[in-house]
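> would you be able to build a 3D model of this:
(chains A and B)
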Amino acid sequence: MSASAQGSVVTTKATTNDTSDAQPPHPPTKTPLGEDDEFEDFPAQDWTQEDSELPSGNQHLWEESWDDDNTSDDFGKLLKEEMKKVGKDK
Amino acid sequence: MEAYFAEVREALATQDGYRLAQTMTPVAPSDDPDRLHNFHRGCTAFDVQNTIRQAIIYDNEAHIPPSEGSGFVDVYVAYWKVLGVILAAEETTNGGEQADWVNVYNCWKELASIVNRHFDNAIFTAWSLPCLYVAGKYLRSYAILADEVAAKGNIKFNYGLSDDVVDGMAKHDYLEDASRKLTDFYKTCAGDRGPLDDESRKWGIYYIVNLQFKTYFKLDSINLSKSVLRSLQALRQDVPDLSLFPLSQFVTFKYYEGVIAFVDEDYKKAEECLNEAWNYCHKGATKNRELILIYLIPCRMITSNVLPTKALLSASPNLGSLFEPLVTAVKRGDLAGFDAALEAGENAFVKRRIYLTLERGRDICMRNVFRKVYLAGEPVPSPEDQTVSMRPSRIPIANLVAALNLVSRHNEVFDSEDVECFAANMIYKGFMKGYISHEHQIVVLSRTEAFPGTGI
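Residues are numbered from 1 along each chain as shown, chains lettered A, B, ... in the order given. This is a model prediction of the structure:
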């Protein structure tokens, strides 16, 4: 029961540790998502700017916080109808 | 075993700190999986001192100073001892039994103390600092395992006693003990009074500080992390600039500095730090990239009102499920969707301390509703120039009420007073430019930049 769970925890730790202070970079070990939100040791001590960039580059990662001004979407239509109703009620 | 000692001597001779540190980890290298067993079996408690002394001092091709040499003999003897305990504990665990990690912790702590003492007495010099890192790193790991064992023991021991409130709380006696030891490590590094050159122990400071952050975060004590930051700030003139340290230490430090600022609601500072962590993070470190973004995304939402693109969220499946529903709702001005997403993610958000920050995204969501109402207005001729048509800048509050009731949850009904209050809030926070005419029940929007920064 808990003993086998304990075993798996230890194994994960050992493999994670394995990649830590090594000079030749190892591939980073994956820990199960959500298990522990801890900043992990990096696979290498130091690296070049090249290793810091994602393949897709750092562009187009952020966008504006509103939808395109498209009032023909469902919500826009609904809103226009609602506005008309409000207008008539007056 | 001869190969092992050859490796140790080689690392000593070339003063390769990281290589030397690798010979004193409790994890065997992948190309020599039996190294720990072989080394441990190669000596007995009676001859270990002599064997190691022979290997390091008498076979001294490295010509290391005698005091440093005997310092390392002390370290390797302690390492040999703790290895016996660790290997036994691992065997017990593999056999499905509860191992005595408390004993492992205590033995490793002895090793860590010896390493620290030799640095403190300047017997070991800066090049071998990675040995101090390994000592601290595993001290922390074993403390966590020891706490788990202690927690299980407590439940058994106190079973049936009335103070079950205390039992229910996670205790971290060993991790707290480890954190005090790490404070000693910090003092060892910070206390080097020598010149600030390659020989200074101050080069060890950021690795140790990062370990302290990690430990205090696990202990849920942001305040102690802050006092480490303050202490480091006071030393800043006497410590090499952070940019001169390896990127692994730079990025880790920036991450923690950013999260601490984030928790303090200093979003500008947090964004700065997290951006740097993001920009220099190793591209293969998926988990770390994800962690940086978990704080950078709410941060940028507050500071610049921008949201992550789908491309950014797809960096990890975790990020997508965490933020995608919220982001979509904000952009659409879907208040009900926003509330539902916030509620669905509540546990995850609270756990990461981002709930309250994300909640502030509701303002942006509402801004988008008001903006849509404005955009839905049929253009009318401008009063100054009849040939130019423009959107009506006077919005009946009744329209805003209708729109909000359309997008909010069914059990939530707004009236014109609520909406006046929201509008006042929007104007106060700078999301909208204009004024409210309570008498006429309209909101009069500015003719230019009615919704600043959104292109209209």
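> show me where pLDDT drops low in chain A?
A:1-36, A:54-59, A:68-76, A:87-90 (pLDDT under 70).
> sorry, slip of the keys, the one I care about is the stretch 1-150 of chain B.
For the stretch 1-150 of chain B, the ranges with pLDDT under 70 are B:60-62.
> tell me the SS of the residue of it found nearest chain A?
Closest residue of the stretch 1-150 of chain B to chain A, C-beta to the nearest C-beta: B:Gly96 (4.5 Å). C-beta: built from backbone N, CA, C; applies to glycine. Following DSSP: H, G, I helix; E, B strand; the rest coil, we place B:Gly96 in the coil state.
> state the number of residues packed around it.
12 (other C-beta atoms under 10 Å in any protein chain shown).
> for it, phi and psi?
When quoted as degrees, to the nearest 10, the phi and psi of B:Gly96 stand at phi 90, psi 10.
> now do B:Met390
Taking degrees, to the nearest 10 as the convention, B:Met390 sits at phi -150, psi 160.
> phi, psi for the closest residue to it other than its chain neighbours please.
Leaving aside its sequence neighbours, B:Met390 sits nearest to B:Ser382 (C-beta to C-beta, 6 or more residues apart in numbering or on different chains; 4.9 Å). Main-chain dihedrals, B:Ser382, degrees, to the nearest 10: phi -70, psi 140.
> next, the contact list for B:Ser382, please.
B:Val388, B:Ser389, B:Met390 (C-beta atoms under 8 Å, 6 or more residues apart in numbering or on different chains).
> excluding its backbone neighbours, what's nearest the first one?
Okay, so that is B:Val388. Closest to B:Val388 by C-beta to C-beta, 6+ apart is B:Ser382, at 4.4 Å.
> do you know how far that neighbour is from B:Pro452?
21 Å (C-beta to C-beta, to the nearest Å).
> one more: B:Tyr186?
46 Å.
> rewinding a little: so how far is B:Asp147 from the residue of the stretch 1-150 of chain B closest to chain A?
Taking C-beta to C-beta, one finds B:Gly96 at 21 Å from B:Asp147.
> what's stretch B:198-207 in contact with?
B:119, B:125-126, B:129, B:132-133, B:136, B:185-186, B:188-192, B:194, B:196, B:232, B:235, B:238-240, B:242, B:245, B:249-250, B:253.
> just want to know which of B:Tyr186 and B:Pro452 has more residues nearby.
Set side by side, B:Tyr186 and B:Pro452 show more neighbours around B:Tyr186, with 20 against 15, by other C-beta under 10 Å.
> I'd say that one and B:Ile208 touch.
Yes - applying C-beta atoms under 8 Å as the test, B:Tyr186 and B:Ile208 come out as touching, 5.1 Å apart.
> so which strand or helix has the residue nearest the centre of chain B?
Nearest to the mean C-alpha position of chain B, counting by C-alpha atoms, centre = their mean, stands B:Tyr256 at 4.8 Å. Using DSSP states H and E, B:Tyr256 maps to helix B:247-263.
> so after that helix, what's the next helix or strand?
helix B:267-280.
> now that following helix against helix B:247-263, angle please.
160 degrees (axes from the mean of the first three to the mean of the last three C-alpha atoms, to 10 degrees).
> got a list of contacts for helix B:267-280?
A:49, A:52, A:58, B:247, B:250-251, B:254-255, B:257-259, B:261-262, B:289, B:292-293, B:295-296, B:299-300, B:302-303, B:357.
> go on, stretch B:329-343?
Residues contacting stretch B:329-343 (C-beta under 8 Å, 6+ apart): A:65-67, A:75, B:301, B:307, B:325-326, B:328, B:349, B:355, B:358-359, B:361-362, B:364-369, B:371-372, B:404, B:407-410.
> span of that stretch from start to end?
End-to-end distance for stretch B:329-343: 13 Å, by C-alpha to C-alpha, to the nearest Å.
> quick check: buried residues in it?
B:Ala329, B:Val330, B:Lys331, B:Arg332, B:Gly333, B:Asp334, B:Leu335, B:Gly337, B:Phe338, B:Asp339, B:Ala341, B:Leu342 (16 or more other C-beta atoms under 10 Å in any protein chain shown).
> could you pull out the strands in chain B for me?
Counting by DSSP state E, one finds strands in chain B at the ranges B:306-308, B:380-381, B:389-390, B:394-396, B:434-437, B:442-445.
> nearest to chain A among the buried residues of stretch B:329-343?
The nearest one, if we look at these relative to chain A and count by C-beta to the nearest C-beta, is B:Lys331, at 4.8 Å.
> so the closest one versus B:Val209, what's the distance?
39 Å.
> and B:Cys43, by the same measure?
Where B:Val209 is concerned, B:Cys43 sits at a distance of 36 Å (C-beta to C-beta).
> what about these two, which has more around it?
B:Val209 (26 against 20).
> hang on, that one packs against B:Val228?
Yes - using C-beta under 8 Å, B:Val209 is in contact with B:Val228, at 5.9 Å.
> shared neighbours of the two, anything?
Shared contacts of B:Val209 and B:Val228 (C-beta under 8 Å, 6+ apart): B:Tyr186.
> so how far is stretch B:212-229 from its chain's centroid?
In terms of C-alpha atoms, centre = their mean, to the nearest Å, the centre of stretch B:212-229 is found 10 Å from the chain centre.
> roughly how far does B:Arg19 sit from B:Glu7?
8 Å.
> buried subset of the contacts of helix B:267-280?
So, by 16+ other C-beta under 10 Å, the buried ones in these are A:52, B:247, B:250-251, B:254-255, B:257-259, B:261-262, B:289, B:292-293, B:295-296, B:299-300, B:302, B:357.
> ok, back up a step: list the ones among the contacts of stretch B:329-343 that fall in helices.
The members of the contacts of stretch B:329-343 that map onto helices under DSSP state H are A:75, B:301, B:325-326, B:328, B:349, B:355, B:358-359, B:361-362, B:364-369, B:371-372, B:404, B:407.
> so among these, which ones count as buried?
Here, 16+ other C-beta under 10 Å leaves A:75, B:301, B:325-326, B:328, B:349, B:355, B:358, B:361-362, B:364-369, B:371-372, B:404, B:407 buried among those.
> and B:Glu412, how far is that from B:Asp339?
8 Å.
> for A:Phe39, same thing?
31 Å.
> also B:Val48?
B:Val48 is 65 Å from B:Asp339, by C-beta to C-beta.
> next: B:Arg193.
58 Å.
> burial check on B:Pro392, number of neighbours?
B:Pro392 has 14 nearby residues by other C-beta under 10 Å.
> per-residue pLDDT, it?
At B:Pro392, the pLDDT value in this model is 87.
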